[in-house]
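Asks: Here you go, sequence then predicted model.
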Amino acid sequence: MDNVTQFLNYIDGKWLPCGSSSTFENRNPADQDDLLGQFQASSAEDAQQAIAAAEKAFPAWRDTPISKRAKILNQAADYLVENIEQFAEELTREEGKLLANSRDEIARSAQTLRFYAVEGQTITGETFPQDDAKMMVYTQREPLGVATIITPWNFPISIPARKIAPALITGNTVVFKPSSDAPLIAYRLAEALHHAGVPEGVFNFITGSASAIGEEITAAPVVRAISFTGSTAAGEKIHRSAPMATRTQMELGGKNPLIVLDDADIDTAVDLTIKGGFSLTGQACTGTSRVLIAPSIKAVYLERLVERVKELQIGNGLDKGTQIGPLATRQQLDTVLGYIDTGKREATHVHGGERLSGGDYDKGFYVSPAIFSDVTQEMRIAQEEIFGPVVAVIEIDGYDDAIAKANDTPYGLAAALVTRNIEYIQRFPNDIQAGTVKVNRTTTGNLVNAPFGGLKQSSTSTFRESGRAGLDFFTQTKTVYIGR
């Protein structure tokens, strides 16, 4: 243990241990013998210190020329790219995803920083015509103040990047708390911003449990914005407890459908199911968890799906040839296995769902992809977010029935349709209750320059993340009247 690296908080421009000197471990979900390091188990006092630093730094950062803010984001992006191989390996070791996926996520995060470095410089107000020739009326956009960023473990650098970059470029200061299940790559993002020369107090990084520091960084009146991605239950709690003047942005759970009509190309449907439901070990908020399919093609679809799934290589994300890695935590493994047991009682178990054991499997949290058929709307596996490699196959009686069943959940994050029918392709975006709508593409994935967010209990449905829309959340509008 003496040789284990201890990673510190970053508060007011300094790398600091927490006040209690307590730490927690970060271990590899593919190999629990692999200890990546120890992180600060921060307390309320540490959180208060971070908030105070951000508050103090805000006036000067708000007045910093935007070109200088952009330069910092660009230099942080450079740092990520320069260290991409090291950081990708660390990301795979702490979260379990494939090494190629880790490289892509870090590259995407750098792309996000660069996007906002440019796009943030295009924010403008409006001028308004009126009848008084001696008066000017216009609007100006300005930062909110201190922003709290709280992020999950499944995309532990790309989700923070798409929140932190628009916050900083618009002149806000930041307190960032990553998931305790994947803090190392978040630390590397903090390191990148420090290396890029972010001023003291402008960006603060603090690790620890939500129970210990969550309320301090969300309920403080000085916090003017909270951007959170995580479970619907946690997001609802934060949203309800935030001060009235605090703006909230909540991106939450999903139960995303892939609708496969009777004219669909079956191989395409199978491919999209695997990409959406089983890649990233099913641990994506936009992952495909329901397949709503026409009975006439269901048997052939299931046969081909099982054939393909049997060929998938499950193992350590660092190993060449691995196609599915472990679940990210023991808690997630237990949750997924619990839902698989429920599915076996509720529906027809078609394939998979076993806890893998023997050899290297004994060191990690491995489960084979599970497929269930004859699923009906009232079943738990049709309604509740599982966040693992579990797909529920539901029969539909045509397009209208598919839409009704797809919309019959509390969630509305992502949805996809597989068909050649131009009428249904045109109707689908209007009929489906989802914030991200796709045709003949997987439910997962979104562009850096396009808005992202959900409907119903998948989001607060206020401000979108990503793209130019991501800037709106972190700015407020003033209307100015100047006479002479």
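Replies: Happy to help now that I have it.
Asks: Contact partners for Ile164?
Replies: Ile149, Val174, Phe176, Leu189, Leu193, Phe203 (C-beta atoms under 8 Å, 6 or more residues apart in numbering). Any C-beta I mention is one placed from the backbone N, CA and C, and that applies to glycine too.
Asks: Distance check, it against Arg355.
Replies: 37 Å (C-beta to C-beta, to the nearest Å).
Asks: Same question for Leu447.
Replies: According to C-beta to C-beta, Leu447 and Arg355 sit 36 Å apart.
Asks: Same question for Thr232.
Replies: Counting by C-beta to C-beta, the gap from Thr232 to Arg355 is 27 Å.
Asks: which of the two has more neighbours?
Replies: When Thr232 and Arg355 are compared for neighbours, Thr232 comes out ahead with 19 against 14, by other C-beta atoms under 10 Å.
Asks: so where is the chain shaky, pLDDT-wise?
Replies: Low-confidence segments of the chain (pLDDT under 70): 1-2.
Asks: which ones are touching the residue most central in space within it?
Replies: The chain has Ile159 as the residue nearest its centroid, 4.8 Å off, counting by C-alpha atoms, centre = their mean. With contacts defined as C-beta under 8 Å, 6+ apart, Ile159 is in contact with Thr151, Pro152, Thr229.
Asks: can I get these in TSV with distance to Glu395?
Replies: Shown next, in TSV, are those (distance: C-beta to C-beta, whole Å):
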residue	distance to Glu395
Thr151	37
Pro152	33
Thr229	33
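Asks: where along the stretch 151-300 of the chain do the helices fall?
Replies: 158-169, 183-195, 210-218, 232-241, 266-277, 295-311 (DSSP state H, counting those that start in this stretch).
Asks: With Val439 as the reference, name the closest of those.
Replies: Proximity to Val439, assessed across these by C-beta to C-beta, is greatest for helix 266-277 (10.8 Å).
Asks: list the helices and strands that closest one packs on?
Replies: Helix 266-277 is packed against strand 256-260, strand 288-293, helix 295-311, strand 390-395, strand 414-418, with contacts defined by 3 or more C-beta pairs under 8 Å, 6 or more residues apart in numbering; DSSP states H and E.
Asks: so Thr409 sits in a strand?
Replies: No: using DSSP: H, G, I helix; E, B strand; the rest coil, the secondary structure at Thr409 is coil, not a strand.
Asks: Give me the nearest residue to it, chain neighbours excluded.
Replies: Nearest non-adjacent residue to Thr409, counting by C-beta to C-beta, 6 or more residues apart in numbering: Lys255, 4.5 Å away.
Asks: for Ile213, same thing?
Replies: Leaving aside its sequence neighbours, Ile213 sits nearest to Ala47 (C-beta to C-beta, 6+ apart; 4.1 Å).
Asks: For the one helix or strand the one you found maps to, which residues meet the burial criterion?
Replies: Using DSSP states H and E, Ala47 sits within helix 44-62. If you call a residue buried by 16 or more other C-beta atoms under 10 Å, then helix 44-62 has these buried ones: Asp46, Ala47, Gln49, Ala50, Ile51, Ala52, Ala53, Ala54, Glu55, Ala57, Phe58, Trp61.
Asks: can I get the residues you listed in a markdown table with distance to Ile266?
Replies: What follows is the buried residues of helix 44-62, written out as a markdown table (distance: C-beta to C-beta, whole Å):
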| residue | distance to Ile266 |
| --- | --- |
| Asp46 | 55 |
| Ala47 | 52 |
| Gln49 | 58 |
| Ala50 | 53 |
| Ile51 | 54 |
| Ala52 | 59 |
| Ala53 | 57 |
| Ala54 | 53 |
| Glu55 | 57 |
| Ala57 | 57 |
| Phe58 | 56 |
| Trp61 | 55 |
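Asks: Just give the number of residues close to the closest residue to Gly145 other than its chain neighbours.
Replies: Nearest non-adjacent residue to Gly145, counting by C-beta to C-beta, 6+ apart: Arg224, 3.9 Å away. Arg224 has 22 neighbouring residues, counting by other C-beta under 10 Å.
Asks: I figured Arg224 was touching Ala147, is that so?
Replies: Yes: counting by C-beta atoms under 8 Å, Arg224 does reach Ala147; the two are 6.9 Å apart.
Asks: what touches both of those two?
Replies: Overlap of the contact sets of Arg224 and Ala147 (by C-beta under 8 Å, 6+ apart) consists of Asn172.
Asks: what are the ranges of the strands in the stretch 301-450 of the chain?
Replies: For the stretch 301-450 of the chain, applying DSSP state E, counting those that start in this stretch gives strands covering 348-351, 370-373, 390-395, 411-412, 414-418, 436-439.
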